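J.: Just need the structure, nothing else, for what follows:
(2 chains)
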Amino acid sequence: MQRLAKSALLFIAIGLALYAGVYYAAERLMFHTGRSNPFFKIAVTQEATFDWVILGASHAMPLDFGDFNAHMQGETGLRILNLASPGTGPLYNRFVLEHFLRAHRAKNVLYVVDSFAFYSRSWNEERFADAKLLRRTPLEPAIAALIFDYVCHEGVDPRALLDYVAGFSKINNRERFARDVWEGEAQFDRVYRPSASAVKKRMAYLYPDKTAVAALDRYLAELATIVATSRRSGANVVIIKMPTPSQYRSQLPDETTFDRALSPLLTRSEIAFHDFSQAMDEPRFYFDTDHLNRTGLTEFFATHLKPIIISAIRR
Amino acid sequence: MLFTSLEFFVCLPLALMLFALLPAGKRWIWLLLASYGFYGASRPFNLVYLGAVTLFVWGCGAAMERATRESARRLLLTAGLAAVIGSLIAFKFYDFVAGELERVAVEVLGSDSAITLPRLGVATPVGYSFYAFSAASYLVDAFSRRLAGRSGAGELALYLAWFPKILAGPIDRATNFLPQVAQGLRADPERLVLGLQLIGWGLIKKVVIADNLAPMVDKAFGIAAFASPIELLVSVYFFAFQIYCDFSGYTDIAIGVSLLFGLQLMENFRRPYLACSTAEFWGERWHISLGRWFRDYLYIPLGGSRAGPVRQYLNLMLVFIASGLWHAGLGYGVGWTFLVWGALNGAYQWAGVATRPFWTWMAGRLPRASRSLPWLTLRVLLTFHLIAITWVFFRARSLGDAWLILKKIASNLIEIPALLSRFPFTAEHYTAFALIAFLVCVEIIDERRPIVQRLAAGPAALRWCVWYLGIFALLVLGRWQAREFIYMQF
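T.: I've put the predicted structure just below:
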């Protein structure tokens, strides 16, 4: 019996050593192929202070597609870090911001708001356990501690922490050799051909739980926390809505309720808010149902965004 | 709860620990509770169906035991079978048949005379096809007095609800299961090791092989009209291995988990793609528990091969059509494709019976040639391709799709070498080919002498290496995103 126990222990010890080796290799590989994950960006940045940090979901991501972030920095002479990631709501954005502020500083925070991200756990609590995000998030004790905090206080699934610490999603990453580029980036130069069925599908995907008022209140409170956290760190907050084509906009469920609910927060906190959702209607500005392509983004930046970003210098 | 979920791997050791702490004679009670917990975890209402079947079958069995008149026993058996099999048929087909009747009525009588038939609106409870067949076999065995004194309600409930097999089999017999429970369940180290090996191998087949093939199969079968002949051909091959690894992987895990609790379930797969004929494939190697169920409870009662050649042909076709209907389910719909799939397999059996005298004569005239490796290889390949053709009907969304896929492949057979060189194979394709090659190698080695025996005879270092390779293959290559087992949906 004692011999059996010894063998079992040895088997487990060798297994753990092998696991550690595979985990290390997966972590190194992640650093070789990393690019768009916000935690990866924070881990590899050389700068300590940024003039602008951008937060939000996929609508904010084109601002970092290709060389566009470099283009914006060149045009404005400011340091900009885009920490947006696809399908993430204010709870996840807060998680990113809190980690960023541990060792960095932002003078301004640009929050790109999307109503869908305020209506479902899918885009908030459940995003913490998403293998696609976890497999590209570098292993750091500070991030593990932060996830633990979210598990204890925000209802995040404990399996997210287990997965993050054990590195399972990294070891099991089927796209381990591919660069971490969101699929939309490959279509950045494409021009979208309007499709009603595509918009319908997109709405069903973005609003899986319809539009519940309780969820909206919960996630608006998270946005308020983001604003408060940013301000405590000395950052000014600007909230914008990105342009979307009219075909997409017309199908948004209950967008006026969202706007009405957002309004008191903006007034109370005296946040600068710019609604550009109706600024660019033409399909030629988009690469899919609702994301700006290079032409659209160039136009949007020159006409609308640049003045806002530049204003940070004048302040 | 899936066998591939984290919840299962957390619950299993807990269930085992409590099992070990209880006295042997009382362990079945804990296993019954655990089985109900497992089955009811995703949809508690399913327990109502399971409970109803259990109570009904137990009532019929107990009444049969007490009945003195043969006619009364026969009546109870008929009523029991009619209720169990009838409910299965109703769950599976009533809504489908009602829809088809309405459609035919519109075509024949015109849209003005459209009829609307009432619908059940109830989906077949998960695993119903499996435990309904177990229940039916229990009734027949009770009628035949093969279960005398072994029909306690609790033990019967465990037999029907036993969590490793309830969702996708094997359709074990009460004559095998109940005596083991009656003797008191004990796990011995040898069974534990064998059980863990089976669980490991089952997981590799499911999450490493089947689930890595699935996306390519889904894609090609989903766009059959637009897919290229090579893409379809590759997908047909991939599906043959996907369904094998998915289903036999589940069975291996079910048998392995049962062994951990000291229960030996019947074998369900024996390297089916090494069969030399379709009769061997269905009779001895593929879904053995279902094949034997149909043999013992349908084919033989119908007269089997003893009632003359015409009846034998008829019986064979009936059995395979019934098998086709049994397979119709939620997985790939309840269409006519399953009927064709069953009929095609029945036709293969007809051809096998018709040509048997020729093969017997040939084996007598050319004994060495008929046992030679090239000849056997040819037969294995031919059998595999015949079976692969039937899988097209099994997997396709409609008869039209199945026919289109076969037509596209057949009309381009000559050009395939040229098309192959132009097809944009991806890393996923090459991984899939490598996994299939690995599986075939393992099966060939296992066929000559079981790998379990080879490992047991080899040095410990070799065994450990195999274990580590298996575990890390699961970690690195497995697809763990909770993809359901195909047969769970029947």
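
J.: Toward the C-terminus, what is the element adjacent to the helix or strand where residue A:200 lies?
T.: Using DSSP states H and E, residue A:200 sits in helix A:196-206. As assigned by DSSP H and E, the chain's next helix or strand after helix A:196-206 is helix A:213-232.

J.: re the thing from before, quick one: is the helix holding residue A:200 near chain B?
T.: No: Helix A:196-206 does not reach chain B (CB under 8 Å from any CB of the partner chain); its nearest approach is 15.4 Å. Any C-beta I mention is one placed from the backbone N, CA and C, and that applies to glycine too.

J.: now residue B:299: how far from residue B:319?
T.: Note on residue B:299: its distance to residue B:319, by CB to CB, to the nearest Å, is 5 Å.

J.: before we move on, what about residue A:243?
T.: Residue A:243 is 65 Å from residue B:319, by CB to CB.

J.: need the residues of chain A near chain B, please.
T.: Going by CB under 8 Å from any CB, the residues of chain A near chain B are A:7, A:11, A:14-15, A:18-19, A:22, A:131, A:159, A:168, A:171-172, A:174.

J.: which one of those sits closest to residue B:55?
T.: residue A:159 (37.8 Å; CB to CB).

J.: which residues does the residue nearest to that closest one when sequence neighbours are not counted contact?
T.: Residue nearest to residue A:159 in three dimensions, not counting chain neighbours: residue A:129, with 5.6 Å by CB to CB, 6 or more residues apart in numbering or on different chains. Neighbour list for residue A:129: A:156, A:157, A:159, A:160, A:163 [criterion: CB atoms under 8 Å, 6 or more residues apart in numbering or on different chains].

J.: now with 7 Å?
T.: A:157, A:159, A:160, A:163 (CB atoms under 7 Å, 6 or more residues apart in numbering or on different chains).

J.: Just give me the closest of these to residue B:162.
T.: Nearest member of these to residue B:162, counting by CB to CB, is residue A:159, at 28.0 Å.

J.: Output the contacting helices and strands for the host helix or strand of the closest one.
T.: Element membership for residue A:159 (DSSP H and E) is helix A:158-166. Here helix A:158-166 touches helix A:141-154, going by 3 or more CB pairs under 7 Å, 6 or more residues apart in numbering or on different chains; DSSP states H and E.

J.: Alpha carbons only: can I get the helix it packs on in PDB?
T.: Taking C-alpha atoms only, helix A:141-154 is exported to PDB below (Å, rounded to 0.1, in the frame of the first residue of the first chain):
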ATOM      1  CA  PRO A 141      -0.600  37.600  -9.600                       C
ATOM      2  CA  ALA A 142      -2.200  41.100  -9.700                       C
ATOM      3  CA  ILE A 143      -4.700  40.000 -12.300                       C
ATOM      4  CA  ALA A 144      -5.500  36.800 -10.500                       C
ATOM      5  CA  ALA A 145      -6.100  38.800  -7.300                       C
ATOM      6  CA  LEU A 146      -8.400  41.200  -9.200                       C
ATOM      7  CA  ILE A 147     -10.400  38.300 -10.700                       C
ATOM      8  CA  PHE A 148     -10.700  36.800  -7.200                       C
ATOM      9  CA  ASP A 149     -12.200  40.100  -6.100                       C
ATOM     10  CA  TYR A 150     -14.700  40.000  -9.000                       C
ATOM     11  CA  VAL A 151     -15.600  36.400  -8.100                       C
ATOM     12  CA  CYS A 152     -16.200  37.400  -4.500                       C
ATOM     13  CA  HIS A 153     -18.100  40.600  -5.100                       C
ATOM     14  CA  GLU A 154     -19.500  40.800  -8.600                       C
END
